[in-house]
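Asker: generate coordinates for the sequence data below:
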Amino acid sequence: MTTHTRTLTAPDLDGVATWFKSSYSSGSGNNCVEVADLTHTAHRAVAIRDSKNPSGPVLLIEPERFAALVDGVRDGCLTT
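Answerer: Now for the predicted structure:
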């Protein structure tokens, strides 16, 4: 995974990232997550951003850790 010396924002990924909104994202403003698969790029990561702030910061997470996060949410281990 690429290490960045500054904050990575969604515009930095223009032309690289295709964002997908979580099926749990709602119009109420509470659950607004989008992800982009960057495993095929030099980043070799999954990007996560707040869909309410599409030009804001992006979190890059290793694919294996992202899969564990999703599994934990599905299993009910991670809740709000």
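
Asker: surely Pro11 is in contact with Ser55?
Answerer: Yes: the pair Pro11 and Ser55 qualifies as a contact (C-beta atoms under 8 Å) at a distance of 5.7 Å. Every C-beta, even on glycine, is put in place using the N, C-alpha and C of the backbone.

Asker: element containing the residue nearest the centre of the chain, please.
Answerer: What sits nearest the mean C-alpha location of the chain, by C-alpha atoms, centre = their mean, is Ile48, with 1.2 Å. Assessed by DSSP states H and E, Ile48 sits inside strand 46-50.

Asker: helix or strand right after that strand?
Answerer: As assigned by DSSP H and E, the chain's next helix or strand after strand 46-50 is strand 59-61.

Asker: what's the following helix or strand after that following strand?
Answerer: In the C-terminal direction from strand 59-61 (assignment by DSSP H and E), the next one is helix 63-74.

Asker: tell me which residues of that following helix come out buried.
Answerer: Under the neighbour-count criterion of 16 or more other C-beta atoms under 10 Å, helix 63-74 has Phe66 buried.

Asker: tilt between it and strand 46-50?
Answerer: On the basis of axes from the mean of the first three to the mean of the last three C-alpha atoms, to 10 degrees, helix 63-74 is oriented at 50 degrees to strand 46-50.

Asker: so what does helix 63-74 touch, helix or strand wise?
Answerer: strand 46-50 (3 or more C-beta pairs under 8 Å, 6 or more residues apart in numbering; DSSP states H and E).

Asker: report the buried residues of the strand it packs on.
Answerer: Quick answer for strand 46-50 (16+ other C-beta under 10 Å): Val46, Ala47, Ile48, Arg49.

Asker: if anything else comes up later, I'll come back, but that's it for now.
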